[in-house]
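J.: give me the fold of what follows.
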Amino acid sequence: MNNLFAIILIGFTTLGFTQVKNNYTFKAECVTISTEGIVVMRMWDTKKGEKYKETQASSDAAQNLLYDGFSGGKCGYLPALLLHKDDVLAFEELNLYFFKKSGDFKDYIISTKLSEAIPSKMKNKKATVYEVEVDLKKLDQYLVDEKIKDKIDDNY
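T.: Predicted structure coming up:
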């Protein structure tokens with residue numbers, strides 16, 4: 001069984017994947033980013049709709065910043081914090097429970113509240129939308145402190 005896992009892992013790393021495959025159902029829209037590195041995002045889930053929970057939105061926001069970042073929109077280009085496959089593997093090895101309900105992602109969330117604004121690209125207008133404030137610089141600093149990355153990004 002361990003050999004099969006090793007073969008699969010080697011297969012993925014040799015294909016050059018640099019980010020986790022985006023197969024989740026949440027959506028994110030960047031509202032603002034401050035010079036201090038505070039990102040305000042709107043989060044909703046296309047599958048959960050009105051059953052989307054605040055804690056899940058907070059976790060999803062951190063996940064989006066780590067693995068996907070943003071391209072275009074109000075915040076311009078904001079690359080993922082984990083750009084390289086080695087960074088992704090190091091983060092996931094160290095942080096097995098980071099995104100769980102009681103996980104460390106909460107250390108980087110400033111606030112989460114229901115959003116009064118509905119994103120224009122949201123199809124299900126009845127879905128629950130949250131505005132999540134994330135301390136991007138603090139999250140990036142954590143990755144440096146844990147030696148997952150070499151240095152803090154200068155992109156914000």
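J.: remind me which helix or strand the residue nearest to residue 152 when sequence neighbours are not counted belongs to.
T.: Using C-beta to C-beta, 6 or more residues apart in numbering and skipping the chain neighbours, the partner closest in space to residue 152 is residue 140 (5.0 Å). Quick note: C-beta positions are derived from backbone N, CA and C, even for glycine. Residue 140 belongs to helix 136-145 when assigned by DSSP states H and E.
J.: kindly report the same for residue 116.
T.: Here residue 116 is assigned to no helix or strand, by DSSP H and E.
J.: tell me the mean pLDDT for the helix holding residue 140?
T.: Mean pLDDT, helix 136-145: 95.
J.: related to what we said a few turns ago, contact partners for the residue nearest to residue 152?
T.: Applying C-beta atoms under 8 Å, 6 or more residues apart in numbering to residue 140 gives the contacts 37, 81, 149, 152-153.
J.: adding pLDDT and secondary structure, write those residues out as a markdown table.
T.: As requested, the contacts of residue 140 are exported to a markdown table (pLDDT from 0 to 100; DSSP: H, G, I helix; E, B strand; the rest coil):
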| residue | pLDDT | secondary structure |
| --- | --- | --- |
| 37 | 93 | coil |
| 81 | 95 | coil |
| 149 | 91 | coil |
| 152 | 81 | coil |
| 153 | 76 | coil |
